[in-house]
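*Asks:* the following block contains a protein sequence and its predicted model.
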Amino acid sequence: MINVQVSIHSQSLKEVTERVDEAEQRILVVENASADTEKRLLALEETANKLTERLHNYENRSRRKNLRIIGLPEKLEGTNATLFMETWIPQILQLDTKAGRIKLERAHRLQGPESSRFPRAIIARFHNFSDRQRVMDQTLHLECAGYPSPSKE
């Protein structure tokens, strides 16, 4: 009878040992997969950070040729803001240019209601960054000479 009980307990212990070994194997597989997944996640986070940085750089570079003009009355530019701004900017800032124009890629009013108390700003994108810098320098030069800044009107 004792032998039978020992045999039953021995068989039960053997089954538990097998189940524990199998569980340990599963845990080892999951731990290894987790370590691999963690490495991949870190690499992907690093890549995402680099790409985000690059995107911000591209966005900033694309905006560097833009100039925001505030305070220009609505509809003064007519139907073609680009043509108007190409001649208005050199005229108002007394800039020397070829044919009295500065080359712009585009110009447009910002979105928003026209009937607001304040006129919407105009964004002008210059063809050359150096032209934008000349405009900014001339604006500062005129402010120093006692003229009000066109962007502060």
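*Replies:* Arrived safely, thanks for sending.

*Asks:* going by C-alpha atoms from here, please, whenever you check contacts or count neighbours.
*Replies:* Fine.

*Asks:* would you mind giving the domain segments of this structure?
*Replies:* 1-63, 65-152 (automatic domain parsing).

*Asks:* so, low pLDDT: which residues of this structure?
*Replies:* Applying pLDDT under 70 to the chain picks out residues 143-153.

*Asks:* run a quick neighbour tally on the residue lying closest to Gly112 once chain neighbours are set aside.
*Replies:* Excluding the flanking residues, the one nearest Gly112 by Cα to Cα, 6 or more residues apart in numbering is Arg120, at 7.0 Å. By other Cα atoms under 10 Å, 21 other residues sit near Arg120.

*Asks:* same check, this time on Thr82
*Replies:* Using other Cα under 10 Å as the criterion, Thr82 is surrounded by 21 other residues.

*Asks:* element containing it?
*Replies:* helix 81-93 (DSSP states H and E).

*Asks:* which residues touch that helix?
*Replies:* Defining contact as Cα atoms under 8 Å, 6 or more residues apart in numbering, one finds that helix 81-93 is touched by 77-78, 96-97, 100-109, 124, 135, 138-139, 142, 150.
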